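Visitor: give me a 3D structure for the following:
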Amino acid sequence: MPLIKGPLRERLKDLRDRSREATYRYGAASLYYRVASRSFDRETNAVFAGIREHHRKTHAGTEVFELRRRIHMIEKGLTMKPRRDTFAVAYIQALVDRLGRSLELGVLEESTIAWARDVLDGYFEATDTSKSAVITKARSAYKRLDLTSDLAYCGPATPLPPAVKFDSGMVSALAHHRRSVRWYTDMPVDRSIVDEAIQVAIESPTACNRVPYRFLLFDAPKDARRIAAIAGGTAGYVQNIQSLAVVVGDLSAYLDERDRHLIYIDGSLAAMGFLYSLESNGVASCCINWPDLQEPERKISSLLGLASYERVVMLIAYGYADPDGLAPASPKFSLDHARRHSRLD
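Guide: A predicted model of the protein is given here:
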């Protein structure tokens with residue numbers, strides 16, 4: 001029976017793929033995914049739940065992602081050359097109102113408060129000569145806010161040479177040296193090293209500085225293995241995983257479905273910083289792919305208590321490499337394959 005089951009399953013899969021390909025060929029792809037396939041339902045439902053949660057938090061005064069987006073928009077305006085004395089008229093009053101409400105409810109971290117203080121101080125200084133009644137009104141409301149913070153200046157500034165001279169060769173060596181390691185010793189990784197890696201990760205670029213992700217860390221081997229086993233690609237080495245990070249994206253950071261992919265982009269940028277920081281401290285790692293499959297999604301969401309608008313971006317196993325274990329070399333494409341200098345004529 002096993003000899004028949006494998007080939008038969010592959011044959012049925014091939015027939016299904018051919019049928020789907022024919023559907024695409026005749027321009028009925030959207031109809032196929034509405035009627036014959038539910039593959040996008042989980043993403044659609046999560047995006048809708050995120051938008052709904054975004055509006056709920058907005059009405060409650062606890063939504064901070066859009067607040068951060070607006071602060072970032074003001075900050076970009078302050079960096080324009082030449083700087084205008086009238087801009088952001090469409091949303092400055094709403095931003096000040098939302099900032100005041102968030103301060104009353106105590107939902108802002110000190111770093112956000114200091115950032116808002118320095119950006120808006122700069123904004124109202126830059127627009128001091130503006131004739132806009134909207135800006136005048138917003139300025140009066142802003143003066144009543146208490147943005148006290150002990151943090152140093154967080155607003156826009158002239159880029160300065162790094163305090164430490166970076167060796168580009170060392171950065172290149174780090175990238176070439178890192179491998180996806182699946183075999184670890186049982187020596188635990190100090191949490192301070194992981195915290196440093198997270199700190200590096202969150203310095204990664206993120207659209208409008210919303211930071212729509214979080215890292216869930218599991219350094220008890222039993223927990224790490226239980227979670228990693230849900231992913232389909234860990235068979236054969238899951239029993240050796242010592243620690244695991246789960247990168248989780250938050251779709252409530254957005255009020256429009258057009259931004260639905262940003263959790264994956266921003267989460268992945270952060271993950272790379274996390275990996276390189278671990279590697280620089282002698283800690284090996286391995287990214288574990290997380291495909292969009294119904295049963296694993298259900299299991300991990302239930303196990304981790306994820307909200308309906310949260311989605312797993314990837315899993316990352318980490319620990320100290322077993323000196324007797326092997327890691328794939330996985331040579332990459334050549335520079336010529338990956339790079340093309342182009343010009344629009």
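Visitor: tell me the spacing between Asp190 and Met170.
Guide: Between Asp190 and Met170 the computed distance is 23 Å (CB to CB, to the nearest Å). For glycine as for every other residue, the C-beta is placed from the backbone atoms N, C-alpha and C.
Visitor: what does the domain assignment say about this structure?
Guide: 1-30, 43-143, 170-319 (automatic domain parsing).
Visitor: so how far does the second one reach from one end to the other?
Guide: One end of domain 43-143 sits 43 Å from the other (CA to CA, to the nearest Å).
Visitor: avg pLDDT for it?
Guide: Across domain 43-143, pLDDT averages out at 96.
Visitor: regarding His54, what is its secondary structure?
Guide: helix (DSSP: H, G, I helix; E, B strand; the rest coil).
Visitor: who's in contact with it?
Guide: 63, 65-66, 252-255 (CB atoms under 8 Å, 6 or more residues apart in numbering).
Visitor: 10 Å - rerun?
Guide: His54 sits next to 63, 65-66, 250-256, 309 when contact means CB atoms under 10 Å, 6 or more residues apart in numbering.
Visitor: test my guess that Val181 contacts Ser330.
Guide: No. With contact defined as CB atoms under 10 Å, Val181 does not count as touching Ser330 (11.5 Å).
Visitor: between those two, which one's more packed in?
Guide: Val181 (22 against 7; other CB atoms under 10 Å).
Visitor: got the contact list for the more buried one?
Guide: Per CB under 10 Å, 6+ apart, neighbours of Val181: 237, 279, 283-286, 317-322, 325-328.
Visitor: next one: phi and psi at the closest residue to it other than its chain neighbours?
Guide: Counting by CB to CB, 6 or more residues apart in numbering, Val181 lies nearest to Ala284, which is 3.6 Å off, once chain neighbours are set aside. Here is the backbone geometry of Ala284 (degrees, to the nearest 10): phi -80, psi 160.
Visitor: try the one 5 residues further on
Guide: Backbone geometry at Asn289, expressed as degrees, to the nearest 10, gives phi -60, psi 140.
Visitor: distance check, it against Tyr123.
Guide: 43 Å.
Visitor: wait, the residue nearest to Val181 sits on Tyr320?
Guide: Yes. Using CB under 10 Å, Ala284 is in contact with Tyr320, at 6.6 Å.
Visitor: circling back: Asn289 and Tyr123: which is more packed in?
Guide: Each of Asn289 and Tyr123 has its neighbours counted (other CB under 10 Å); Tyr123 has more, 25 against 10.
Visitor: now do the helix or strand harbouring that one: distance to the chain's middle.
Guide: Per DSSP states H and E, Tyr123 falls inside helix 110-126. Remark: helix 110-126 is offset 24 Å from the chain centroid, using CA atoms, centre = their mean, to the nearest Å.
Visitor: next: stretch 94-101.
Guide: 25 Å.
Visitor: with stretch 79-96 instead?
Guide: Worked out by CA atoms, centre = their mean, stretch 79-96 lies 27 Å from the chain centre.
Visitor: quick one: contacts of it?
Guide: 66-67, 69-71, 73-74, 76-78, 98, 116, 119-120, 122-124, 126-135, 137-145, 155-158.
Visitor: of those, keep whichever come out buried.
Guide: 66-67, 69-71, 73-74, 77-78, 98, 116, 119-120, 122-124, 126-127, 130, 132, 135, 138-139, 142, 145, 155 (16 or more other CB atoms under 10 Å).
Visitor: follow-up on the earlier one: what's near enough to touch the residue nearest to Val181?
Guide: Ala284 touches 178-185, 189, 275, 278, 317-322, 325, 327, counting by CB under 10 Å, 6+ apart.
Visitor: now stretch 152-160 - C-alpha only, PDB.
Guide: Extracted in PDB, the C-alpha atoms of stretch 152-160 (Å, rounded to 0.1, in the frame of the first residue of the first chain):
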ATOM      1  CA  ALA A 152      17.700  62.800  24.800                       C
ATOM      2  CA  TYR A 153      16.700  64.600  21.600                       C
ATOM      3  CA  CYS A 154      14.900  62.200  19.300                       C
ATOM      4  CA  GLY A 155      14.000  64.400  16.300                       C
ATOM      5  CA  PRO A 156      15.600  64.800  12.900                       C
ATOM      6  CA  ALA A 157      19.300  65.600  12.700                       C
ATOM      7  CA  THR A 158      22.100  65.800  10.300                       C
ATOM      8  CA  PRO A 159      23.600  62.300   9.700                       C
ATOM      9  CA  LEU A 160      27.000  62.100  11.400                       C
END
